[in-house]
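> next one to model:
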Amino acid sequence: MLKNFGEALRSAFRKIANAPFIDRDLIKEVVRDIQRALIAGDVNVKLVLEMSKRIEKRALEEKPLPGMSNREHVLKILHEELASILGQGRELPLKKQRIMMVGLYGQGKTTTCGKLARFFQKKGMKVALIAADVHRPAAYEQLKQIAEKINVPVYGGNDKAEKVVKEGLDKFAKYDVVIIDTAGRHALEDDLIKEMKKIAKIAHPDEKILVIDASIGQQAGKQARAFNDAIGITGVILTKMDGTAKGGGALSAVAETGAPILYIGTGEHIDDLEKFDAIRFLSRLLGMGDLQTLIEKAEEAAKGKEKKIEETAKKMLSGKFTLLDMYEQMELLSGMGPFQKIADLLPLGGKLKDEDVYETQKKLKKFRIIMDSMTKKELENPNIIKSSHIKRIARGAGVETRDVKELLRHYNMSKKLMKSFSNKKMQKKLMKQFGLKM
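Sure, this is the predicted structure:
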């Protein structure tokens, strides 16, 4: 898994960070550790050796920038060189466009079509899908089922791919983004190339995106080259990045071809598609978190609720919030995705044990169920909740009375903590940090 890959890299970085002094022997030792981690992560050996030489040369010969310690300088070099082998990402523009998706069988292409449609939909764009895979049984039905979940229209059902594409484009002419799901094969055969070229000639796509399963590791580079030679791809999406130890190998192999990596699939959920950025990706692997992605997820979850969230934040910072306000904050958090994925975006979040994350998520879920069993009056004024209320709430939620008492303790502790920020100077400073007005 990528977690093991990340832990091996973190261990190498810690050696530099914790060393009393930096010398040639330590640099050589750290370079060897990084080599082992990258090769175990299926990164091409030749690429690893070339990068190792650059790290060693730069660390021993380059002078630190003014104000930067030797330790910080070496850590900066390690970070830059690792990011360089993962390649540069590119995000698709938010404009009216046609997108043609290509790839081999079993790479997650059809699912990714749905994820990409959802991505554009969340940005406020009108999206439609065309099912041009007429060879695989049930391909149209699969795309239809995915599309129904996100309320996006699909055109398909004909036995001629070119006809489906032509009619689909006419039908969806007024849509912002039209995504075309094409057929795959077990290998890049002549008939597949011919069909892709015919579809491209009819559709004139703005983007030709190759979908590759990250678990194939270094083979991803060969696929990217072959498809690029055949139809000239404009970008790559790597799927199943969450469940493979070969993700680093796939990323670096694609980067070597010069094809920009657009997005990575990080799970099975329709929202599990993230734009790829080497620096952000590496920061998460090293346990430094990815606060920018966390902010973007929060903004997506908060869309249309900004005013309410600002009001709640002001109440919380003044220590005057209710259980209803706390419930709304939990709702926002749940809208950002699985708790483990949120934890991974926080600095040192990668160090949290899976069981701890699971227990926290379970507790938050239980708290919300308990609050669902409370009256509006109780949520707005928790001080009125007495012993008889607690018994009734516990029965309604199907929990023990101790669980209700734990929620009230958690609420009172949070309120007490917020009250410690209640002096005007502190409030003003925090509100300025969060971009809120007094």
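> strands of the chain, residue ranges please.
Remark: strands assigned in the chain by DSSP state E are 97-102, 127-131, 154-155, 177-181, 207-213, 235-239, 261-265, 273-275.
> next, format those as JSON lines and append mean pLDDT.
Formatted as JSON lines, the strands of the chain follow (pLDDT from 0 to 100):
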{"stretch": "strand 97-102", "mean pLDDT": "96"}
{"stretch": "strand 127-131", "mean pLDDT": "96"}
{"stretch": "strand 154-155", "mean pLDDT": "96"}
{"stretch": "strand 177-181", "mean pLDDT": "96"}
{"stretch": "strand 207-213", "mean pLDDT": "94"}
{"stretch": "strand 235-239", "mean pLDDT": "92"}
{"stretch": "strand 261-265", "mean pLDDT": "91"}
{"stretch": "strand 273-275", "mean pLDDT": "88"}
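> to residue 143, which of the ones you listed lies closest?
In terms of C-beta to C-beta, the element of the strands of the chain nearest to residue 143 is strand 127-131, at 4.7 Å. For glycine as for every other residue, the C-beta is placed from the backbone atoms N, C-alpha and C.
> now find how far off-centre the closest one is within its chain.
Centroid separation for strand 127-131 versus its chain: 23 Å, with C-alpha atoms, centre = their mean, to the nearest Å.
> CA atoms only: put it into PDB for me.
Output of strand 127-131 as PDB, limited to C-alpha atoms (Å, rounded to 0.1, in the frame of the first residue of the first chain):
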ATOM      1  CA  VAL A 127     -22.500  17.700 -18.000                       C
ATOM      2  CA  ALA A 128     -23.700  14.800 -20.200                       C
ATOM      3  CA  LEU A 129     -22.200  11.300 -21.000                       C
ATOM      4  CA  ILE A 130     -22.100   9.300 -24.300                       C
ATOM      5  CA  ALA A 131     -21.700   5.500 -24.000                       C
END
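> contacts for that strand next, please.
113-114, 117, 120-121, 139-140, 143-144, 147, 152-157, 164-165, 168-169, 171-172, 175-181 (C-beta atoms under 8 Å, 6 or more residues apart in numbering).
> inside helices: which ones of these?
113-114, 117, 120-121, 139-140, 143-144, 147, 164-165, 168-169, 171 (DSSP state H).
> tell me the buried residues in stretch 160-180?
For stretch 160-180, the neighbour count (16 or more other C-beta atoms under 10 Å) marks 161-162, 164-166, 168-169, 172, 175-180 as buried.
> sorry, back to before: redo the strands of the chain as TSV? Include distance to residue 408.
Shown next, in TSV, are the strands of the chain (distance: least, C-beta to C-beta, whole Å):
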stretch	distance to residue 408
strand 97-102	51
strand 127-131	45
strand 154-155	49
strand 177-181	48
strand 207-213	48
strand 235-239	44
strand 261-265	41
strand 273-275	37
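> burial check on residue 398, number of neighbours?
Per other C-beta atoms under 10 Å, the neighbour tally for residue 398 reads 11.
> find me the pLDDT at it, would you?
Among the per-residue scores, residue 398 holds a pLDDT of 91.
> now do residue 194
For residue 194, the pLDDT comes out at 91.
> measure it to residue 9 for me?
44 Å (C-beta to C-beta, to the nearest Å).
> those two: which has the busier surroundings?
Neighbour totals were compared for residue 194 and residue 9, and residue 9 leads with 22 against 11 (other C-beta under 10 Å).
> out of everything not next to it in sequence, what's closest to that one?
Distance criterion C-beta to C-beta, 6 or more residues apart in numbering; nearest residue to residue 9, sequence neighbours excluded, is residue 37 at 5.2 Å.
> ok, that neighbour touching residue 13?
No: Residue 37 is not in contact with residue 13 according to C-beta atoms under 8 Å; the separation is 10.3 Å.
> more neighbours, these two?
Neighbour count, other C-beta under 10 Å: between residue 37 and residue 13, residue 37 has more, with 23 against 20.
> so what's the more buried one up against?
Contacts of residue 37 by C-beta under 8 Å, 6+ apart are 5, 8, 9, 11, 12.
> okay, the residues you listed in JSON lines with distance to residue 260 and pLDDT next?
Below are these laid out as JSON lines (distance: C-beta to C-beta, whole Å; pLDDT from 0 to 100):
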{"residue": "5", "distance to residue 260": "22", "pLDDT": "69"}
{"residue": "8", "distance to residue 260": "27", "pLDDT": "76"}
{"residue": "9", "distance to residue 260": "23", "pLDDT": "78"}
{"residue": "11", "distance to residue 260": "31", "pLDDT": "82"}
{"residue": "12", "distance to residue 260": "28", "pLDDT": "82"}
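> which one of the residues you listed is nearest residue 271?
Nearest to residue 271 among these: residue 5, at 24.0 Å, using C-beta to C-beta.
> what residue spans form the domains of this structure?
Here the domain assignment for the chain is 2-86, 97-286, 295-433, based on automatic domain parsing.
> so which of those is the most packed in?
domain 97-286 (a mean of 20; mean count of other C-beta atoms under 10 Å).
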